[in-house]
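Undergrad: A predicted structure for the sequence below; I have some questions about it.
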Amino acid sequence: MLLSIITVLLSSVLLRHCLQNDRDMTKIQLDLALDIYRDRFPDSVEPAFFSPFAITSALSTFYERTTGDSENQLNNLLAKGESKEKLLHYVRMANRRFEENADKVEIGIGSQHLMNDYLAFEENTDGRTHDNDVRNTISIDYSSDQQLDEIRKHIGEWIKNRTEHRTRNVIFFNDSSLLFSVFEIHCGLKWLYKFKLLRMKSVFRISDKKVEKVRMMKTVAKKLAYAETEEAKIIALPFESEKKFMLIIIPRKGNLSNLESKLTGNKLHQYIKTLSITNAIEVTMPMFEIRNVIELGPYLKDRNIALCDQNSDYYDNDNEQLCLQNPVRAVAHIKVNEHGIYNPEWPMTPNKDENVNASRNSRKIVIEQSFIFAIGDFRPTIYFMGRYTGKDISLPITYNKADN
């Protein structure tokens, strides 16, 4: 009996310790993603969208293969002094969270790497992939377009089996190696409180000197999580039958760039903690669509870190830096409309009408200036982040010839 009690107490302590580590790793991962976000999208008047987890996952692909000085460099960049094992634990933990919510949140889990002379993976009976197992190897002739097409189809089938057709893959080839790091990611979630489109476009302030006319939508919610701080207004718009929300952060003082420059993983968690339930809120906000590609290679090069496809510890004799050959990209797409976050591959059925009528006592919030948004939950886990600045970006992705 005593042994059982001790076992339970130890398990409880270990569980709390693991959860705390998970929260710490989430903040570390967010700090890294925000650093890359500011580096790759420095112009705060341009819209942007990305996945913190996808960035970490893509970079951890290389991290798993490095040793020696390269490992130390990447350790400092990716984990802020944490060990490789802790970072990879975070990737696996986040991986599981995405899989648990695969019916609602779509992401290509991208920390699989495909070596330059074979494609290796093993699928277990439960459909999950084990990174350390090398099976079903395929020799690749990079001069054969036909074989490359067959490999794309092969990988595509594997993705469909793994994700139940919920992920659109992005796969890059070049003349010396194959990189399989991240897929295009997007969401498919419905609002709990249905929005109604407004007929007339409204003025949206991009900056102090520039405005745009945008399409707006409005809802009246029975209850919303809301908070105000000295620097921002924070709203959490809930999704239907989920513990997920879209967090909207609107600057109160200064402009969006000031708010973004101070944003950290810990700050984002603090915003979520400050939220409290408020009754009867009327929210008016824009519809928008953003599709971005984040190039991670330049970010690594700027910090004297780059990676070779065959040997991560190979140094160029001329500049004594690691050699980067593979493209490393994180691709993200979001479309926000009156139904929710729209996945173009899903049929969108109408929401349940959970709205209430506006009253004189309803708090009215009109989002008519640039803002930060994040899709997450109260654990808290941040799945996606971005900024909306009054413009839509939905452009086809183009690649260099060497990448195809």
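TA: Received, thanks. Bear in mind that the values here come from a model prediction, so they are computed numbers and not experimental data. Residues are numbered from 1 along each chain as shown.

Undergrad: could you point out where the protein is predicted with low confidence?
TA: Applying pLDDT under 70 to the chain flags the ranges 1-26, 53-54, 56-71, 73-74, 77-84, 86-187, 241-242, 304-331, 342-361, 394-404.

Undergrad: how about 80 then?
TA: For the chain, applying pLDDT under 80 flags the ranges 1-29, 51-188, 207-208, 241-243, 253-254, 293-333, 342-362, 378-381, 383, 393-404.

Undergrad: Name the single longest strand found in it.
TA: The single longest strand within the chain, with elements called by DSSP state E, is strand 216-228.

Undergrad: Okay, now the sheet partners of the next helix or strand after that strand, with direction.
TA: For strand 216-228, the following helix or strand on the C-terminal side (DSSP states H and E) is strand 232-238. Using DSSP bridges, strand 232-238 pairs in its sheet with strand 216-228 (antiparallel), strand 244-251 (antiparallel).

Undergrad: Any idea which of those strands gets closest to Lys210?
TA: With CB to CB as the measure, strand 244-251 is the member of the strands paired with strand 232-238 nearest Lys210 (15.7 Å). Every residue, glycine included, has its C-beta placed from N, CA and C.

Undergrad: in the next helix or strand after the closest one, what's buried?
TA: Following strand 244-251 in sequence order, the next helix or strand is helix 256-261 (DSSP H and E). Buried residues in helix 256-261, counted by 16 or more other CB atoms under 10 Å: Leu256, Ser257, Leu259, Glu260.

Undergrad: which other helices and strands contact helix 256-261?
TA: strand 244-251, strand 371-377 (3 or more CB pairs under 8 Å, 6 or more residues apart in numbering; DSSP states H and E).

Undergrad: just the helices in the stretch 251-400 of the chain please.
TA: Using DSSP state H, counting those that start in this stretch, the helices of the stretch 251-400 of the chain run over 256-261, 265-274, 297-302.

Undergrad: Which strand residues bridge Ile375?
TA: Assigned bridge partners for Ile375, using DSSP bridges, are Met246, Phe384.

Undergrad: quick one: it and Glu212, what's the gap?
TA: 24 Å (CB to CB, to the nearest Å).

Undergrad: try Val366
TA: Distance of Val366 to Glu212, given as CB to CB: 15 Å.

Undergrad: repeat for Leu263
TA: Separation of Leu263 from Glu212 (CB to CB): 24 Å.

Undergrad: likewise Thr229?
TA: Between Thr229 and Glu212 the computed distance is 27 Å (CB to CB).

Undergrad: Ile372 too?
TA: Per CB to CB, Ile372 is found 18 Å from Glu212.

Undergrad: Check Lys391 too.
TA: Lys391 is 7 Å from Glu212, where distance means CB to CB.

Undergrad: what sits in contact with each of those two?
TA: Ile206 (CB atoms under 8 Å, 6 or more residues apart in numbering).

Undergrad: quick one, which of Ile372 and Glu212 is more surrounded?
TA: Per other CB atoms under 10 Å, whichever of Ile372 and Glu212 has more neighbours is Ile372, with 23 against 15.

Undergrad: sorry, back to before: specify the stretch among the strands paired with strand 232-238 that is closest to Ala48.
TA: Minimum separation from Ala48 across these (CB to CB) falls at strand 244-251, 14.0 Å.

Undergrad: And for that closest one, what's in contact with it?
TA: Applying CB under 8 Å, 6+ apart, the set of residues contacting strand 244-251 from outside is 101, 104-105, 189, 225, 231-239, 258-259, 271-272, 285, 336, 341, 367, 369-377, 383.

Undergrad: how does it look with 6 Å?
TA: By CB atoms under 6 Å, 6 or more residues apart in numbering, the surrounding residues in contact with strand 244-251 are 232-238, 259, 371-375, 377.

Undergrad: just stretch 367-381 next, same as before
TA: 97, 204-205, 243-244, 246-250, 256, 269, 272, 285, 382-389.

Undergrad: From these, list the buried ones, please.
TA: Among those, those scoring as buried are 97, 204, 244, 246-250, 256, 269, 272, 285, 382-389 (criterion: 16+ other CB under 10 Å).

Undergrad: can you redo the helices of the stretch 251-400 of the chain as a markdown table with distance to Ser44?
TA: Output for the helices of the stretch 251-400 of the chain, formatted as a markdown table (distance: least, CB to CB, whole Å):
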| stretch | distance to Ser44 |
| --- | --- |
| helix 256-261 | 4 |
| helix 265-274 | 17 |
| helix 297-302 | 18 |
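
Undergrad: Relative to Lys194, which of those is closest?
TA: Lys194 sits nearest to helix 265-274 of all those, at 24.2 Å, using CB to CB.

Undergrad: tell me which residues in that closest one are buried?
TA: Quick answer for helix 265-274 (16+ other CB under 10 Å): Gly265, Lys267, Leu268, His269, Tyr271, Ile272.
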